[in-house]
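Colleague: Sequence and computational prediction follow.
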Amino acid sequence: QSDGGGSFDDSSDDIGAIVIALLGAAFAGLAYMSVRKIGHEASANVMVLYYSCLSLPVIFLSSKLLLDDWNVWGDGGSFTVGDWCLMLLTGVTAYGGQYLTNLGLQHESAATGTLATCSQIVFTYIFELAFLHEGLNVWSVAGTLLILGFMVIVGSFKVQNADETIHETVAGEPEELALLFSAEHGQRH
């Protein structure tokens, strides 16, 4: 548990939470790799639909089997209209995030595409500051700058390699290029 200043207790609950989060990240990595493997053979919407259809029964079963007394729907009476609006907003933004992530992974390698998902950490921190009025934390600011720095470095390498690949392709196919230019030249005159 955080004390608000960025330090954490060394309890086994914290270690368990870290292990669960790492397992979640590993499963997300497998899911992202699968989306990349499927590629353009399925719409990004179809993949979100399968994700949702599979998640619903798993959530209902795990809420009873793993957590015993946890009720997926809550007790209903303690939710305000604002709570229901926040849950609806969570669903809509989660759908949008998953759809756009799938769409991006269909067009980019899984490693590079998921690097962009690291920006979730940056956005989460900014939203915590803006909406939850969390205090500034030196480690969080340093982590945010580190993530943004590596994203810029990888992005610039990606752009540089893309430019080199384009030049290699053009320079590597002189016969096809000559035919293209001769066809264009013939159409102009």
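Modeller: Received it, and whenever you're ready, just let me know what you need.
Colleague: Which residue comes closest to the residue minimising distance to the centre of the chain once chain neighbours are left out?
Modeller: In the chain, the C-alpha closest to the average C-alpha coordinate belongs to T117, at a distance of 3.5 Å (C-alpha atoms, centre = their mean). In space, and not counting its chain neighbours, T117 is closest to T101: 6.2 Å by C-beta to C-beta, 6 or more residues apart in numbering. To be clear about C-beta, it is placed using only N, CA and C from the backbone, and glycine gets the same treatment.
Colleague: Centre of the chain to the host helix or strand of the one you found, how far?
Modeller: Following DSSP states H and E, one finds T101 within helix 81-107. Chain-centre distance of helix 81-107: 11 Å, with C-alpha atoms, centre = their mean, to the nearest Å.
Colleague: for A110, what are its contacts?
Modeller: Neighbouring residues of A110 by C-beta atoms under 8 Å, 6 or more residues apart in numbering: Y32, M33, V35, R36.
Colleague: Farthest-apart pair in those, please.
Modeller: Distance extremes for the contacts of A110: the farthest pair is M33 and V35 at 7.4 Å, using C-beta to C-beta.
Colleague: So for the two, which sits in the more crowded spot?
Modeller: Set side by side, M33 and V35 show more neighbours around V35, with 23 against 14, by other C-beta atoms under 10 Å.
Colleague: Just name the closest of the contacts of A110 to A130, please.
Modeller: Taking C-beta to C-beta as the measure, A130 sits nearest to Y32 out of the contacts of A110, at 27.8 Å.
Colleague: Contacts only, for the closest one.
Modeller: Contacts of Y32 by C-beta under 8 Å, 6+ apart are T101, L105, A110, G113, T114, T117.
Colleague: do that again at 7 Å, thanks
Modeller: For Y32, the contacting residues are L105, A110, G113, T114, by C-beta atoms under 7 Å, 6 or more residues apart in numbering.
Colleague: A helix includes it, no?
Modeller: Yes: with DSSP: H, G, I helix; E, B strand; the rest coil as the criterion, Y32 is part of a helix.
Colleague: mind checking how far it is from G143?
Modeller: The gap separating Y32 from G143 is 21 Å, by C-beta to C-beta, to the nearest Å.
Colleague: quick one: V48 from T101, how far?
Modeller: In terms of C-beta to C-beta, V48 sits 9 Å off from T101.
Colleague: can you check G113 too?
Modeller: According to C-beta to C-beta, G113 and T101 sit 8 Å apart.
Colleague: Settle it for me: which of those two has more neighbours?
Modeller: Taking neighbours as other C-beta under 10 Å, G113 and T101 compare with T101 leading, 22 against 19.
Colleague: before we move on, back to that, just the contacts of A110 now: which is nearest T124?
Modeller: Ranked by distance to T124 (C-beta to C-beta), the contacts of A110 are led by Y32 at 18.3 Å.
Colleague: pLDDT at the closest one, what is it?
Modeller: If you check Y32, the pLDDT there is 81.
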